[in-house]
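> Please find the sequence and the predicted model below.
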2 protein chains.
Amino acid sequence: MKTVEDLTERFRERGLRVTPQRQAIFGLLHADASHPTVETLHERARSSMPTISLKTVYQTVHDLEAMGEVELIHLGTGSVRVDPNVEHAHHHLICTVCGNVRDVLVDVRDLRLPARDRRGFTVADVEVHFRGVCDDCAARQLS
Amino acid sequence: MKTVEDLTERFRERGLRVTPQRQAIFGLLHADASHPTVETLHERARSSMPTISLKTVYQTVHDLEAMGEVELIHLGTGSVRVDPNVEHAHHHLICTVCGNVRDVLVDVRDLRLPARDRRGFTVADVEVHFRGVCDDCAARQLS
DNA sequence: TTAGCAGACGACAATGATTGTCGATAAACT
DNA sequence: AGTTTATCGACAATCATTGTCGTCTGCTAA
């Protein structure tokens, strides 16, 4: 993910205003590998900026998505997660218990649909979800 | 998907009651390849049974899932979809415009995570989503 | 066949995630 | 510094889904 300064620049180019709220969110996302939910981002932002509203976080995250600076991913964990890693193609490993997400590197070049399966469709993207249980949750489930 | 009779049998075995509502849902799901949402199932069920409630459809669908007779899939289209095809391993091709879903056959045997990526995790399942636009939506978007 | 009960039914309200509205505010340009 | 106009945050609304609860009914045992 780009730095706070780069994103500030890109927002200005687009005619979007740069506010302390937005810069706080830029900072939180920079080099974050935790795939936070919007709610989680909001909580983190509030520790340094207690009045920031959830709406503002949603809005900024959607602006970032429109600019291609983050991806919003639906992993079946209830809420959308923000993935700041758009520079490197990757896929996801999801804990079906706690919802935590890890980036994984998988080569999907061999993963193409036979012609009969893609007839009538223009395929744009392939997304691979590995599902399982993380060790923490596995340990917790024994008790 | 099993027949209405088979599912009736399996529900009884489990100590679950078989009601006309449930049998109507069994019938709708049998050999359905449309991956309906729960809402859509409810609408279809109402044409033959006008008083059936949405809650009942949700409940029956969850019971079927618990028995492994259907899969509830989250494809980022807003609501859960019911997939009655659990007999044959398959993956999904999703239209990002209208949300329609098609089953596709892809061999994912080669798709394994390197040890470093699955450390600390017990991987149970792999799910592949192909995303694109169906011809109908592509034509509609030109207008 | 009937009685009794666990479980299902449907109406309604509640939840959680997300988005719309809108007056006040403040960033950016002049 | 003033003007413009997008953003902020409070609040209400929406959508998908689930909880509550009183009533009803399939199922089983007598």
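Nice, thanks for sending it over. Numbers count the residues shown, from 1 in each chain, chains lettered A, B, ... in the order given.
> where in chain A is pLDDT low?
For chain A, the stretches flagged by pLDDT under 70 are A:143.
> residues in it within reach of DNA strand D, list them.
By CB under 7 Å from any atom of the strand, the part of chain A that sits against DNA strand D consists of A:15-17, A:19, A:21-22, A:49, A:51-53, A:55-56, A:59-60, A:63. To be clear about C-beta, it is placed using only N, CA and C from the backbone, and glycine gets the same treatment.
> Could you list every helix and strand that the longest helix along chain A packs against?
Identified as the longest helix of chain A according to DSSP state H is helix A:54-66. For helix A:54-66, the packing partners by 3 or more CB pairs under 8 Å, 6 or more residues apart in numbering or on different chains; DSSP states H and E come out as helix A:20-29, helix A:38-48, strand A:71-73.
> Can you give me the separation between the most far-flung residue of chain A relative to its centre and B:Leu93?
Most distant from the centre of chain A: A:Arg116, at 32.7 Å, with distances by CA atoms, centre = their mean. Here A:Arg116 is placed at a distance of 12 Å from B:Leu93 (CB to CB, to the nearest Å).
> Could you do A:Gln141 as well?
Applying CB to CB, the value for A:Gln141 to B:Leu93 is 34 Å.
> more crowded one of the two?
More crowded of A:Gln141 and B:Leu93, by other CB atoms under 10 Å in any protein chain shown: B:Leu93, with 23 against 9.
> domains for chain A, by residue range?
A:4-83, A:91-142 (automatic domain parsing).
> Kindly reformat these as JSON lines containing distance to DNA strand C.
Formatted as JSON lines, these follow (distance: least, CB to the nearest atom of the strand, whole Å):
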{"stretch": "domain A:4-83", "distance to DNA strand C": "3"}
{"stretch": "domain A:91-142", "distance to DNA strand C": "10"}
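> export these to TSV and tack on distance to B:His42?
Shown next, in TSV, are the domains of chain A (distance: least, CB to CB, whole Å):
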stretch	distance to B:His42
domain A:4-83	21
domain A:91-142	27
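> can you pull the buried residues of the strand ranked longest in chain A?
With residue count as the measure and DSSP state E as the assignment, chain A has strand A:121-134 as its longest strand. Across strand A:121-134, burial judged by 16 or more other CB atoms under 10 Å in any protein chain shown covers A:121, A:123, A:126-134.
> What is that strand packed up against?
On a contact count with 3+ CB pairs under 8 Å, 6+ apart, strand A:121-134 meets strand A:91-95, strand B:91-95, strand B:121-134, helix B:135-142.
> How many neighbouring residues does A:Thr51 have?
Other residues close to A:Thr51 by other CB under 10 Å number 7.
> And the one 3 residues further on, by the same measure?
When neighbours are counted by other CB under 10 Å, A:Leu54 registers 14.
> got it, and A:Ala66?
Neighbours of A:Ala66 (other CB under 10 Å): 11.
> With the one 3 residues further on instead?
Neighbourhood size, A:Glu69 [other CB under 10 Å]: 19.
> Secondary structure element holding it?
Here A:Glu69 is covered by no helix or strand, with elements defined by DSSP states H and E.
> Distance check, it against chain B.
Counting by CB to the nearest CB, to the nearest Å, the separation of A:Glu69 from chain B is 19 Å.
> For A:Ala89, see how far away the nearest residue to A:Ile25 once chain neighbours are set aside is.
The shortest distance from A:Ile25 to any non-neighbouring residue, by CB to CB, 6 or more residues apart in numbering or on different chains, is to A:Thr60 (4.9 Å). Distance, A:Thr60 to A:Ala89, by CB to CB: 25 Å.
> Could you check which of these two is surrounded by more residues?
Higher neighbour count among A:Thr60 and A:Ala89: A:Thr60, with 26 against 11, using other CB under 10 Å.
> Settle this for me: that one is touching A:Arg22, isn't it.
Yes. With contact defined as CB atoms under 8 Å, A:Thr60 reaches A:Arg22; the gap is 5.1 Å.
> tell me the SS of A:Lys2?
Secondary structure for A:Lys2, judged by DSSP: H, G, I helix; E, B strand; the rest coil, is coil.
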